[in-house]
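Novice: let's see this in three dimensions:
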Amino acid sequence: MLRRTSHFVGVALKKLLTLKTGFIAYFAVLSLFLILMLLALQHLSHNIEQRKHLEAQRHQTTALSKDFKRISESISRQTIAFVSSEQVEFQDNFRHLLAIFTGAQPDQDGVANTMLDRFGELELEPSELALLRSAYEQTLELSHVQLEAIQTTSGQFDDGTGAISIALPNALMAKVLVFSQQYLQASTHITNTLDQFEHQFSQRLDNSLEQAGRSSDRAFGLALAALASFFITSTVALRLLYRSIKQPLDQGANLAKELAQGKLNAQLTVRRHDEFGTLLTALNGIGQGVQTVVHQIREQTGLIRDGSHAIVLGSQNLSEQILDQSTELNQTVKAMGQLADTVRQNAQQAQTADHLAQDTSSQVAQGNQAAHRLLDTINAIADSSHKMSEITKLIRSISFQTNILALNAAVEAARAGVHGHGFAVVAAEVRNLALRSTDALHQIATLISSSVEQTEQSSAAARSMAQVMANTQHKVNEMRGIVADIALASQDQATHIEYVNHVMTRLDQQGQSNRQLVEHSAHTAQEQLEQTTLLAQVVAHFSLDTALSEEPALSLSAAPSSRVYHSASAYRTQACTMSGS
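Specialist: Okay, here's the model as predicted:
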């Protein structure tokens, strides 16, 4: 019963002492020591800050004490200097320093406090404040003596109401006041009081610094002890953790080596219930899972190899058909290119003929206009000829009447006898002129008649030529329309042929791209077939359980060879259908 109880207790402890609880305990101890170290360091830092504060107090107190001594001594020196030399500037310096000392005027730092109030911000003991107050009061009492000596020297006295009374200067009495034994003792007593204050303050500060140093040493020792304890505890804990981790890791590494060598049936006996026990159980599960995967890979490798072989055959057939289509498309593209060049030349020639027809139409139009202008000119000449004929008729009438008048004149001259002889000569000459005019007029009429006939013939010829030119222009315009239609139709044909040629070129490029894709697919299928064979060889290296190792051989041997042929035939039929479409 006791043994069974101890066994249960051991199992329970193993369940509790897991890697997680171990790390939690380690970090708990680590946190405890860190808290102790932080507390020690915080105390040490507090002591250091306290020492810095005390040193700052020492520095401020020493500086203020020196200012106290300096101003007190400067007031005494200015008084003695004025009494000895009676120069006004020493009196002004005395009053200025006394005003700064009493707080009536600000100093060079802009502070307008009494010298005693300047020590108010410091952390002083009552006895130390009493010494400062005593030195301050003594300095004020001595300043009354110094002021009296200055007034005695200058002969100007303040009656307490703000008015100044004049008296005889008495430099000897003033010197007796400032050089007397009582004055020197009072000044020395002020200095001794300040020295006593500094000594008492320095002694108290040294004691505080010594206490702070001892406290710092204790804090530092505590920190060192906590650090040493931390290192010792960490070393022991890490060694225990190392021992608890190394054993299952070695077991897992050995199992992983056996699995890497292909012994997938290797197993471990797991007795731990912590995270490493879970890890070892998972490694056993990995071996079993890999056995199942390898078994499935062996089954699927044969199927993949058969499918890859069928893909290779189909890709080769499809590549050959795409190559034939690419060759035919290439020839078609060349023929379409030649046809496009021919149509393009016809379009260019039609455009040239259209331009020539345009030029011919323009020239015919110009000839037609010239013929109309010629016809107008001939008509104008005919009108002029008719007018000339009428003029010749008038001249003929005038010549006939002139001849009759000449005959009548000759008859009258004959009747006159001797007196009409001269008139008869004139009448004869007039008759001769009339006869000559009649002959010339007859010749002119003959020429005008001939000119009128030729003009009528030219007018008829011109009208015929204008009619011919009009008919020619009409025919040329019809020919121009036909040539323009031919040119437009040729241009449309060239555009459509270029589009068909572009489409055929794209089909050729797509065929070449498909061929490359099919070749790449065939190459990939061939590589897949080789990789499948290599994978089968790799998978055959693994050692499986007896129940699993028999099934892959049966499944591979039971694969019918007709399945490969059927897959290849189906793929080839699909490729032919795609190429035909």
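Novice: C-alpha only now, for contacts and for neighbours.
Specialist: OK.
Novice: please report how far P126 lies from Y242.
Specialist: 65 Å (C-alpha to C-alpha, to the nearest Å).
Novice: oh sorry, the question was meant for N317
Specialist: 66 Å.
Novice: just A382 next, same as before
Specialist: A382 is 143 Å from Y242, by C-alpha to C-alpha.
Novice: what residues sit buried inside stretch 106-115?
Specialist: Of the residues in stretch 106-115, 106, 112-115 count as buried by neighbour count, 16 or more other C-alpha atoms under 10 Å.
Novice: which neighbouring elements make contact with the longest helix along the chain?
Specialist: Longest among the helix segments of the chain by residue count, using DSSP state H, is helix 275-416. In this structure, helix 275-416 packs against helix 19-85, helix 181-260, helix 421-539, helix 546-557, helix 562-580, with contacts taken as 3 or more C-alpha pairs under 8 Å, 6 or more residues apart in numbering; DSSP states H and E.
Novice: of all those, which one is nearest R133?
Specialist: Nearest to R133 among the helices and strands packed on helix 275-416 is helix 181-260 (9.8 Å), distances taken as C-alpha to C-alpha.
Novice: the closest one: how far from the chain's middle?
Specialist: Centroid separation for helix 181-260 versus its chain: 55 Å, with C-alpha atoms, centre = their mean, to the nearest Å.
Novice: repeat for stretch 70-89
Specialist: Worked out by C-alpha atoms, centre = their mean, stretch 70-89 lies 79 Å from the chain centre.
Novice: where does the stretch 51-200 of the chain have low pLDDT?
Specialist: 158-165, 167 (pLDDT under 70).
Novice: kindly recompute the last result at 50.
Specialist: By pLDDT under 50, the stretch 51-200 of the chain contains no weakly predicted segment.
Novice: picking that back up, distance to Q251 added to the buried residues of stretch 106-115, as JSON lines?
Specialist: Below are the buried residues of stretch 106-115 laid out as JSON lines (distance: C-alpha to C-alpha, whole Å):
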{"residue": "P106", "distance to Q251": "87"}
{"residue": "A112", "distance to Q251": "85"}
{"residue": "N113", "distance to Q251": "84"}
{"residue": "T114", "distance to Q251": "86"}
{"residue": "M115", "distance to Q251": "85"}
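Novice: need the residues you listed in CSV (columns: secondary structure).
Specialist: As requested, the buried residues of stretch 106-115 are exported to CSV (DSSP: H, G, I helix; E, B strand; the rest coil):
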residue, secondary structure
P106, coil
A112, coil
N113, coil
T114, coil
M115, coil
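Novice: could you break the chain into its assigned domains?
Specialist: 16-247, 277-580 (automatic domain parsing).
Novice: pLDDT of the longest one, averaged?
Specialist: Predicted confidence along domain 277-580 averages 74 (mean pLDDT).
Novice: separation between L238 and I232?
Specialist: From L238 over to I232 (counting by C-alpha to C-alpha), the distance is 10 Å.
Novice: go on, H355?
Specialist: H355 is 112 Å from I232, by C-alpha to C-alpha.
Novice: try Q60
Specialist: Distance check for Q60 against I232: by C-alpha to C-alpha, it reads 47 Å.
Novice: sorry, back to before: more neighbours: which of L238 and I232?
Specialist: Counted by other C-alpha atoms under 10 Å, L238 and I232 do not tie: L238 has more neighbours, with 15 against 12.
Novice: what sits closest to K69 if chain neighbours are left out?
Specialist: Nearest residue to K69, sequence neighbours excluded (C-alpha to C-alpha, 6 or more residues apart in numbering): T191, at 6.9 Å.
Novice: thought R515 was touching L323, still the case?
Specialist: Yes - contact criterion C-alpha atoms under 8 Å: L323 and R515 qualify, at 6.9 Å.
Novice: dump stretch 346-358 to CSV, keeping only the CA atoms.
Specialist: The C-alpha trace of stretch 346-358 is given here as CSV (Å, rounded to 0.1, in the frame of the first residue of the first chain):
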residue,chain,number,x,y,z
ASN,A,346,-3.6,49.3,-108.2
ALA,A,347,-4.9,51.9,-105.8
GLN,A,348,-1.8,54.1,-106.4
GLN,A,349,-2.2,53.8,-110.2
ALA,A,350,-5.9,54.5,-109.9
GLN,A,351,-5.1,57.6,-107.9
THR,A,352,-2.6,58.6,-110.6
ALA,A,353,-5.2,58.1,-113.3
ASP,A,354,-7.6,60.2,-111.2
HIS,A,355,-5.0,63.0,-111.1
LEU,A,356,-4.5,62.7,-114.9
ALA,A,357,-8.2,62.8,-115.5
GLN,A,358,-8.4,65.9,-113.3
